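Asks: Provided below are the primary sequence and the corresponding predicted coordinates.
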Amino acid sequence: MPKKHGSAHWEGGLKDGKGRVSMESGALNDQPYGFNTRFEGKPGTNPEEMIAAAHASCFSMALSMVLGDSDLTPSSIDTKATVTLDEVDGGFAVTKSHLDVTVSVPDASDEDVLAACETAKANCPISKLLATEITMDAKVS
């Protein structure tokens, strides 16, 4: 089974420090991140954004698989994941991920597509990794 890696380099304190994050594939290469990109909206990335992208992409692939298991092929799946970081017990925690999904599947009933969405949400590997509340709004177009 594949093993993938990401890496980060950090220098300095929490609020004045700076980091660079990279992915094995090169999709991110020395992308800046820090307190200001995470909490103050400055340019760069942050862990929650990367988790959201991972969740959205994993879910979309899982949904395609679940639909395929029923001999259904989507013409499109668009997924946006929104990851929430909250203060919990004096610290911070990712408390949920919400999926907004729009899927188009020719010749499939809305009920079958929405059931496939629920199955994919529960079983995509990133959903399992997060082990947190995962909510979703799915619609068929």
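Replies: Yep, that arrived.
Asks: correct me, but residue 38 touches residue 47?
Replies: Yes - the pair residue 38 / residue 47 is scored as a contact, 7.3 Å apart, by CB atoms under 8 Å. C-beta coordinates here come from the backbone N, C-alpha and C atoms, glycine included.
Asks: burial of residue 36, as a residue count?
Replies: 17 (other CB atoms under 10 Å).
Asks: middle-most residue in this protein, spatially?
Replies: In the chain, the C-alpha nearest the mean C-alpha coordinate belongs to residue 55, at 2.3 Å (CA atoms, centre = their mean).
Asks: Give me the three-state assignment for that one.
Replies: For residue 55, the secondary-structure state derived from DSSP: H, G, I helix; E, B strand; the rest coil is helix.
Asks: cool, and residue 36?
Replies: helix.
Asks: how far away is the residue nearest to the centre of the chain from residue 21?
Replies: 17 Å (CB to CB, to the nearest Å).
Asks: go on, residue 100?
Replies: 25 Å.
Asks: between these two, who's got more neighbours?
Replies: It is residue 21, of residue 100 and residue 21, that has more neighbours when counted by other CB under 10 Å, with 20 against 15.
Asks: List the strands paired with the helix or strand hosting that one, with their directions.
Replies: For residue 21, the host element (DSSP states H and E) is strand 18-23. Here strand 18-23 is paired, per DSSP bridges, with strand 6-11 (antiparallel), strand 31-33 (antiparallel).
Asks: okay if I get these as JSON lines plus distance to residue 84?
Replies: As requested, those are exported to JSON lines (distance: least, CB to CB, whole Å):
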{"stretch": "strand 6-11", "distance to residue 84": "21"}
{"stretch": "strand 31-33", "distance to residue 84": "18"}
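Asks: just those strands: most buried one?
Replies: Comparing those by mean neighbour count (mean count of other CB atoms under 10 Å), strand 31-33 comes out on top with a mean of 18.
Asks: which residues touch that one?
Replies: Residues outside strand 31-33 that contact it (CB atoms under 8 Å, 6 or more residues apart in numbering): 8, 18-22, 43-47.
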